[in-house]
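**Student:** Can you look at this prediction? I've put the sequence above it.
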Amino acid sequence: MKVTLNAITQPMIYNDTDNPSLTARMSAEEYMIYCARVSSPDNRLNHETAPKLLKYLLDAGHWSPFEMISIGFEIETSR
């Protein structure tokens, strides 16, 4: 069996102005952290404690930040 990653979410965060400009490009993992911290605007771009937060989310069953990411695979296998 051969599995190939074909697509993954590529988040881009923009300013909330009438003339939006790109504020940050981030990885899919960084975007999950950003979404998890949506109620803490001053801490949303803090990635230092990301591994600890991701573990907490998994252990506590908080799945919604993980649902913000999409991936696409191609799978080649025998019949």
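**Tutor:** Cool, the structure landed. Numbering: from 1, shown residues only.
**Student:** Name the SS class of residue 7, please.
**Tutor:** When states are read from DSSP: H, G, I helix; E, B strand; the rest coil, the local structure at residue 7 comes out as strand.
**Student:** mind checking how far the closest residue to it other than its chain neighbours is from residue 11?
**Tutor:** Spatial nearest neighbour of residue 7, chain neighbours left out: residue 72 (3.7 Å); criterion: Cβ to Cβ, 6 or more residues apart in numbering. No exception for glycine: its C-beta is placed from N, CA and C like everyone else's. Distance, residue 72 to residue 11, by Cβ to Cβ, to the nearest Å: 16 Å.
**Student:** quick one, which of those two is more surrounded?
**Tutor:** residue 11 (16 against 10; other Cβ atoms under 10 Å).
**Student:** And that one, its phi and psi?
**Tutor:** Listed backbone geometry of residue 11 is phi -70, psi 150, with angles given as degrees, to the nearest 10.
**Student:** Least confident secondary structure element in this structure?
**Tutor:** With mean pLDDT, DSSP states H and E as the measure, the helix or strand of the chain carrying the lowest mean pLDDT is strand 22-25 (a mean of 68).
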